[in-house]
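**Q** fold the stuff below for me.
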Amino acid sequence: MNNGDKKMNVPRIRFKGFDGEWKITSFLNIAERISILANYRNLPCIEYEDIISGENALNKDIFTKHTHKKGIAFSANDILFGKLRPYLLNIYLPEFSGIAVGDFWVLRSVSVLPKFLLFLIFTPRFMRVANISCGSKMPRSDWALVSESEFLVPSHDEQQSIAQYFSSLDSLIKATEKKIASLRQVKEASLQAMFPAEGETVPKVRFKGFGGEWKRIVVGDVGNTFSGLTGKNKLDFGVGEARYITFLNVLNNAQIDTDILEYVNVSKDERQNDVRIGDLFFNTSSETPEEVGMCSVLTQDVRSVYLNSFCFGFRISDSGLCPEYMAYLMRGPVGRRIMSILAQGATRFNLSKNNFLKASIPCPQNYTEQQKIASYFTNLDKQITIQTKRLEKLKLIKSACLDAMFV
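**A** Numbers count the residues shown, from 1 in each chain. Here you go, the predicted structure:
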């Protein structure tokens, strides 16, 4: 690729070997809108909500059940554009024929390659026009405005290069998403299999070299709870030199992410509980019992760091219990079952620290086995994080290129 020159009708970035200005043409000369209603039998039916926002993909298998709803007939390489709330990017290019039901435009390429048209529709330039909608309660794109709007298109060869580039980028994005989904499935299955089921004393899956029944320990016998920040108001947050662990950091992570700690003002004479490496944190309240008492562990040595007031801490006093093991145990089916029993409430569920301390949890007799279990899940989480960051980067690249590689 190279940077485009300063002419008005060329993109900022384009592939080597291409030059000259792009051609100005109205959208009506780029694509036509198909609006023939049909009710063919044995054809797949795509509804508005079947499309994953912004991903040119479906969220379910539409071939398992064919319906006979009336809709617009589309062919392979036609583009289904969700005209209702177009900013949701319900856009899909099928490789098969079917029926589009709902608030769609079915767009068929007239003078450009279908995949080039697809990526043109995803550009900020097109979406600015499409989002000028008619209607207020149920805003829909205005076809008269879109069809008369002018866009710039390159030669077919350059269209092909652009379409191939974004298709390859989409393939990388989808492959990364599948990798993340696969890793999460492995983690979920492992959380089920590597801790004893209810009423059992050994797990279904175990590392080689370890045997014997697991013991049960009462939480209050191996440590003590402590409170988060107290006596603070909104003016104390976002300022100061101290930092604190947020509610979402505890809720979303088995291990605290110390890169996203936030600032809080804590004076030297205040009596607040600072956190230490190995501390465990639990949220005390949630709208569902399944999310009460989600556990996270601090695995890094930090200074002047505190806990938010919506969570409580637990400091282990028994050297025979691995903190990371307990964190993963409490986030898995065993811990979720314990917490759902302890959660109290109707519209909002709360966790009593006193009841939490009375709970018993399963634990390997051997500390090394606890460490191996914790290390296994830590490595899984690291792989998920790596792939998640890769996915975010790929999506940022795509967004930037949609802006820079079109005029």
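**Q** low-confidence ranges, the chain, go.
**A** Along the chain, segments meeting pLDDT under 70 span 1-7, 39-41, 64-68, 134-136.
**Q** mind checking the longest strand of it?
**A** Counting by DSSP state E, the longest strand found in the chain is strand 237-245.
**Q** list the contacts of that one.
**A** Applying CB atoms under 8 Å, 6 or more residues apart in numbering, the set of residues contacting strand 237-245 from outside is 228-229, 256, 261-266, 275, 281, 298, 302, 304-308, 311. (Each C-beta comes from the backbone N, C-alpha and C, glycine too.)
**Q** now the strands for the stretch 201-350 of the chain?
**A** Assigned by DSSP state E, counting those that start in this stretch, the strands in the stretch 201-350 of the chain fall at 215-218, 223-227, 237-245, 262-264, 280-283, 285-286, 295-297, 305-307, 311-316, 344-345, 349-350.
**Q** how about JSON lines for those strands, with mean neighbour count added?
**A** Listed next are the strands of the stretch 201-350 of the chain as JSON lines, based on neighbours: other CB atoms under 10 Å:
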{"stretch": "strand 215-218", "mean neighbour count": "13"}
{"stretch": "strand 223-227", "mean neighbour count": "16"}
{"stretch": "strand 237-245", "mean neighbour count": "17"}
{"stretch": "strand 262-264", "mean neighbour count": "16"}
{"stretch": "strand 280-283", "mean neighbour count": "23"}
{"stretch": "strand 285-286", "mean neighbour count": "18"}
{"stretch": "strand 295-297", "mean neighbour count": "25"}
{"stretch": "strand 305-307", "mean neighbour count": "23"}
{"stretch": "strand 311-316", "mean neighbour count": "21"}
{"stretch": "strand 344-345", "mean neighbour count": "13"}
{"stretch": "strand 349-350", "mean neighbour count": "18"}
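**Q** got CSV for those, with distance to residue 367 too?
**A** Shown next, in CSV, are the strands of the stretch 201-350 of the chain (distance: least, CB to CB, whole Å):
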stretch, distance to residue 367
strand 215-218, 12
strand 223-227, 15
strand 237-245, 26
strand 262-264, 34
strand 280-283, 17
strand 285-286, 32
strand 295-297, 16
strand 305-307, 26
strand 311-316, 12
strand 344-345, 34
strand 349-350, 33
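**Q** of all those strands, which one is nearest residue 138?
**A** strand 285-286 (33.5 Å; CB to CB).
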